[in-house]
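S.K.: whatever this is, show me its structure:
(one chain, ligands or ions: 2)
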Amino acid sequence: MPKNNNDYNCLVIGSGIAGLSFALRMAEYGRVAIVTKKKETESNTNYAQGGIASVVDSTDSFQKHIEDTLKAGAGLCDEEVVKMVVESGPSAIKSLIDLGVRFSYKSNRNKSLEKLDLGKEGGHSEKRVVHAADYTGREIENRLVRAVKDNGNITVLDNHIAIDLIYKDLNGKRRCFGAWIFDVRGIRVYKLLASITLIATGGIGQVYLHTTNPKIATGDGVAMAYRAGAKIANLEFMQFHPTALFHPEGEGFLISEAVRGEGGRLRLRTGKRFMKNYDPRMELATRDVVARAIDREIKLSGDPCVFLDLTHLKESFIRQRFPNIYGKLKNLGIDIAVDWIPVVPAAHYMCGGIDVDLEGRSSIENLYVVGEAAHTGMHGGNRLASNSLLEAVVFAEIAAGSARKELENHAGNNEMVSEFDRVMAGKIHVSEEEKILIAHLMLDVKQVMSNYVGVVRSNKRLNWARRRLEIIKNDISDLWQDFPLSYDLIELRNLAAVAELIVECAQIRKESRGLHYNIDYPDQDDKNWKKNTIIINN
Ligand code: FAD
Ligand code: SIN
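M.R.: Ligands and ions are numbered 1, 2, ... in the order given. Next up is the predicted model:
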């Protein structure tokens, strides 16, 4: 816990690529606290494989990258944002290299930007994915964490989970003053006040049973922002990655799209390739197309998965290009140089989020949002592969520039913050056996979302999901009052909240577009629905 709650100019919630990049910039202007709910490296960022999309090859162009992004986004991208992010790509890559990130090069002799080794992924018309073998995220996360720890103006508070934002209406405008924080080890709540607050809490994948996301991805930032009255957008656009490993001991482990980029082929158990029935781009169609194709083939065949085959590639190439995937699967008894990989679609990336403007500002004053928790307009109805890390780096830089100006104007006010109205851990007694109820409810939420709000939706399924989530939400309200505050309870409350918001957004959109497919409205309806879905907690 900080010595003095007012010691910080800036509070950053989350230590993935977005939070860490923003913190490094803000540390040039003031003192920064990063709160992060587990170990500082635990984040979606840490598991990113494919890489960062950027135009660095002379045969490529910004225009092509922009067009690919807009096409994948199914008519809902904000073109101004796409242009800005794509054109900032090369300088974003350069800033990561300057930080010490070791990307893969075509040859070790020439390490200029043009000589970076480039991968290809679904929906990209060119090879443009800059990567560090197949552990790009880990390489970036480690370098950023090191830089943050070396910075005297930044304090990292790990095992600290933000519960709710602190806000007040002033002159008719809502303003954020920081957040209530639960210190998981100390089992206590305190307020962390700051002139600027950044939500960089990442994704929501844990709302589903099968996900590529680590346990931390429970949508806390979106839930907190919604409770505080911020504008939320487009949560119906949950991206399912087509190829997560199907294996009892490696459930959800990602098999990077770069594997298909290098020639990986999708097959049924019988060996038959099926992607030609769905899209002329075959395995390299956009994710929405490939995930729906696999979902359909699984339903038609009754098999639990399909297979990804790279046995026609040289073993030496596979081991050098995909050391992480090769090693992980080898440990599970699958030799990807000779065996097909069993794969299924799994929840992967939330394209919607807390709505922000071109500078990363939310609808609440002094509250910024960067990374997967944000809805910037970059991804529209379906994110183009490897555009997420890029968006996070670019927006972190821009948002920090904007937040710096706010710092000059804002005077913090500790007195206006009321006390936390929740009974603390240790003050209520609940028998150990009852605590399992939290885990049960967590599973209930995931089951409802997986059964009724998956790759293919219908009005009936969405209605059922809504009804079931309402009951679960009431049970959680009881626990929120009766149970000692704990890490698990905080996550459960958020997970159920975002589940409900996803369903609400999905029910509002009466068409199919990008990642949102409803069999009751199978067509895209540009006349009525070429617009964002916006929800606000009034
Ligand atoms: P994260 O990296 O998820 O960080 C969120 C942070 O917030 C974590 O530190 C977490 O602990 C913390 N946090 C959350 N809630 C709280 C709370 N209440 N209090 C305190 N701290 C909290 N994208 C690409 O562009 N290219 C890729 O190759 C790629 N591969 C991927 C592979 C996998 C397996 C996954 C899961 C995603 C991949 N993505 C990829 C997507 C990309 O990794 C993420 O969108 C991106 O890393 C999100 O960064 P972030 O900083 O917004 O969030
Ligand atoms: C992957 O490597 O397939 C993930 C890339 C992404 O999510 O952008």
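S.K.: which residues sit against stretch 74-85?
M.R.: Contact partners of stretch 74-85, identified using Cβ atoms under 8 Å, 6 or more residues apart in numbering, comprise 62, 66, 69-70, 73, 234, 237, 288, 358, 376-382, 387, 390-391, 394-395, 398, 513-514, 524, 526, 530-532. Quick note: C-beta positions are derived from backbone N, CA and C, even for glycine.
S.K.: an error on my part: the question was meant for stretch 29-36.
M.R.: 2, 7-15, 19-20, 23, 26, 40, 42-43, 148, 153-162, 179, 181, 192, 194-195, 404, 407.
S.K.: is it in proximity to ligand 1?
M.R.: Yes: contact of stretch 29-36 with ligand 1 (Cβ under 6 Å from any ligand atom) involves V35, T36.
S.K.: verify the assumption that L20 is located in a helix.
M.R.: Yes: secondary structure assignment (DSSP: H, G, I helix; E, B strand; the rest coil) places L20 inside a helix.
S.K.: apart from its neighbours in sequence, what residue is nearest it?
M.R.: In space, and not counting its chain neighbours, L20 is closest to L144: 3.9 Å by Cβ to Cβ, 6 or more residues apart in numbering.
S.K.: tell me which residues touch that neighbour, please.
M.R.: Each residue near L144 by Cβ under 8 Å, 6+ apart is listed here: I17, L20, S21, L24, L99.
S.K.: returning to what we had before: can you tell me which of the contacts of stretch 74-85 are buried?
M.R.: Among the contacts of stretch 74-85, those that count as buried by neighbour count (16 or more other Cβ atoms under 10 Å) are 66, 69-70, 73, 234, 237, 288, 376-382, 387, 390-391, 394-395, 398, 513-514, 524, 532.
S.K.: show me the residues you listed that map onto helices.
M.R.: I66, T69, L70, D288, L390, E391, V394, F395, I398 (DSSP state H).
S.K.: and whatever residue of the stretch 1-150 of the chain ends up closest to ligand 2, how many neighbours?
M.R.: Using Cβ to the nearest ligand atom, G50 is the residue of the stretch 1-150 of the chain that sits closest to ligand 2, at 2.7 Å. Using other Cβ atoms under 10 Å, G50 has 25 neighbouring residues.
S.K.: start at 40, not 1
M.R.: Okay, residue one is now 40; in that scheme the one you just asked about reads as G89.
S.K.: how much space separates it from V246?
M.R.: 23 Å (Cβ to Cβ, to the nearest Å).
S.K.: repeat that for A535.
M.R.: Taking Cβ to Cβ, one finds A535 at 9 Å from V246.
S.K.: need the overlap of contacts for these two.
M.R.: Both A535 and V246 are contacted by V484, under the criterion Cβ under 8 Å, 6+ apart.
S.K.: helices of the stretch 240-389 of the chain, start to end?
M.R.: Secondary structure of the stretch 240-389 of the chain by DSSP state H, counting those that start in this stretch: the helices cover 259-266, 296-300, 326-340, 354-360, 362-370.
S.K.: show me the contact partners of the second one.
M.R.: Contact with helix 296-300 is made by 88-90, 158-161, 166, 168, 170, 173, 280-282, 305, 322-323, 326, 347, 349, 360-361, 364, 424, as judged by Cβ under 8 Å, 6+ apart.
S.K.: can you do 7 Å?
M.R.: 88-89, 158-161, 168, 170, 173, 322-323, 347, 349, 361, 364, 424 (Cβ atoms under 7 Å, 6 or more residues apart in numbering).
S.K.: again, but for the longest one
M.R.: Contact with helix 326-340 is made by 161, 278-281, 307-308, 313-314, 317-318, 322, 344-345, 384, 421, 424, 494-495, 553-554, 556, as judged by Cβ under 7 Å, 6+ apart.
S.K.: which of those come close to ligand 2?
M.R.: A424.
S.K.: that older thread, return the closest of the ones in helices among the buried ones among the contacts of stretch 113-124 with respect to R148.
M.R.: Nearest to R148 among these is L429, at 27.0 Å by Cβ to Cβ.
S.K.: give me every residue that touches the nearest residue to the closest one once chain neighbours are set aside.
M.R.: Excluding the flanking residues, the one nearest L429 by Cβ to Cβ, 6+ apart is I91, at 5.1 Å. Counting by Cβ under 7 Å, 6+ apart, I91 makes contact with I132, V168, V169, T175, S425, L428, L429.
S.K.: got these as a markdown table, with pLDDT and distance to I477 columns?
M.R.: Below are these laid out as a markdown table (pLDDT from 0 to 100; distance: Cβ to Cβ, whole Å):
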| residue | pLDDT | distance to I477 |
| --- | --- | --- |
| I132 | 97 | 42 |
| V168 | 97 | 39 |
| V169 | 98 | 41 |
| T175 | 97 | 34 |
| S425 | 97 | 36 |
| L428 | 98 | 33 |
| L429 | 98 | 37 |
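S.K.: so which of those residues also contact ligand 2?
M.R.: S425.
S.K.: P129 should be in a helix, yeah?
M.R.: Yes: according to three-state DSSP, P129 belongs to a helix.
S.K.: correct me if wrong: it contacts S93.
M.R.: Yes: proximity of P129 to S93 meets the contact threshold set by Cβ atoms under 7 Å, at 5.9 Å.
S.K.: who's more crowded, those two?
M.R.: S93 (30 against 15).
S.K.: check the gap between E445 and ligand 1 for me.
M.R.: Distance, E445 to ligand 1, using Cβ to the nearest ligand atom, to the nearest Å: 21 Å.
S.K.: so which strand or helix has that residue?
M.R.: Element membership of E445, judged by DSSP states H and E, is helix 427-448.
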